[in-house]
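Trainee: build me a model:
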Amino acid sequence: MKKYLIIIIGAFLAFYLLGYFNAKKVVDDFYFHENKVSEQVKEGDIILQTSESYQCEAVRLATNSKFSHCGIIFKDNDKTYVLEAVQPVKITPLDEWISHGKESDYLIRRCKNSEELLDSKKIESMKTYGKNMLNKDYDLYFEWSDEKIYCSELVWKIYKEGAGIEICPFKKLKEFNLSNPKVKKIMKERYGNNVPLEENVIAPSQLAESKLLETVIDTYNN
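Mentor: Residues are numbered from 1 along each chain as shown. Below is the predicted model:
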């Protein structure tokens, strides 16, 4: 009996240690990856991902793009974070932000000639503008105003107001694919019969395709 007990305890310990070291390796690999990403990014980089909420699915369908959420990267006291418009506008650590996306994939894009166009004064101006937006409510109606704000609108305005750069041109709401049944449903819920088709919109897809930006990291293609 004692012999069997020793075997059972030994097997239990073996499984425990195996699980512990495997889990430790996963965690170590994760933080190694995130530290490596933090070393590669610069302040002002734009990061995009695929979110899977009901609204984000409608955004992907309407824009014919996999991207449905975005934010802008800044650093503070050696910490890398993403300033993002959710509910409400907030600062999120980079690794946490990445983990919120589908399969933790993301795309990072950078302003071309950023060394010249985004000097330290402009970066500080961008950060100041962005921080002034903290705690603003998320704009479910995608209206172009500062009362409430949505994710890609926030990024666009930080560049415009902080650095004087228009990352991409506007599109009218009517230019998107509004014929999909899921898109129609959410539009009906939001606007009823008064859809603001002439509203100026900046979608994550427009930032992903901007000719003023270049790709720094794209984990979707790994």
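
Trainee: pLDDT on stretch 61-80, on average?
Mentor: Computed over stretch 61-80, the mean pLDDT rounds to 96.

Trainee: so where do the helices sit in the protein?
Mentor: Here the chain has its helices, by DSSP state H, at 2-40, 54-63, 94-99, 114-117, 120-132, 151-163, 181-191, 204-209.

Trainee: which helices and strands does the second one pack with?
Mentor: Packed against helix 54-63 by the contact rule (3 or more C-beta pairs under 8 Å, 6 or more residues apart in numbering; DSSP states H and E) you find helix 181-191, helix 204-209. No exception for glycine: its C-beta is placed from N, CA and C like everyone else's.

Trainee: most tightly surrounded among those helices?
Mentor: Burial of those is given as mean neighbour count (mean count of other C-beta atoms under 10 Å); helix 204-209 ranks first at a mean of 22.

Trainee: grab the most central residue of this structure for me.
Mentor: For the chain, residue 70 is the residue whose C-alpha lies nearest the centre (C-alpha atoms, centre = their mean; 3.2 Å).

Trainee: so what sits opposite that residue in the bridge?
Mentor: Under DSSP bridges, the beta-bridge partners of residue 70 are residue 48.

Trainee: so it makes contact with residue 205?
Mentor: No. Assessed by C-beta atoms under 8 Å, residue 70 is found out of contact with residue 205, at 9.6 Å.

Trainee: so which bits of stretch 100-120 are buried?
Mentor: Buried positions in stretch 100-120, judged by neighbour count with 16 or more other C-beta atoms under 10 Å: 100, 101, 105, 106, 107, 108, 109, 110, 111, 114, 118.

Trainee: which of the residues you listed fall in strands?
Mentor: The strands, defined by DSSP state E, take in 107, 108, 109, 110, 111 from the buried residues of stretch 100-120.

Trainee: thinking again about what came up before, JSON lines for the helices and strands packed on helix 54-63, including mean pLDDT and distance to residue 174?
Mentor: Putting the helices and strands packed on helix 54-63 into JSON lines (pLDDT from 0 to 100; distance: least, C-beta to C-beta, whole Å) gives the following:
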{"stretch": "helix 181-191", "mean pLDDT": "94", "distance to residue 174": "11"}
{"stretch": "helix 204-209", "mean pLDDT": "98", "distance to residue 174": "15"}
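
Trainee: out of those, flag the one nearest residue 39.
Mentor: Across those, residue 39 has its closest neighbour in helix 204-209 (23.0 Å, C-beta to C-beta).

Trainee: need the residues that contact that closest one.
Mentor: Applying C-beta atoms under 8 Å, 6 or more residues apart in numbering, the contact partners of helix 204-209 are 46, 48, 59, 63-65, 67-70, 107, 109, 151-152, 155-156, 167-169, 171, 213.

Trainee: pull the helix or strand with minimum mean pLDDT from the protein.
Mentor: Here the helix or strand of the chain ranked lowest by mean pLDDT, DSSP states H and E is helix 2-40, holding a mean of 50.
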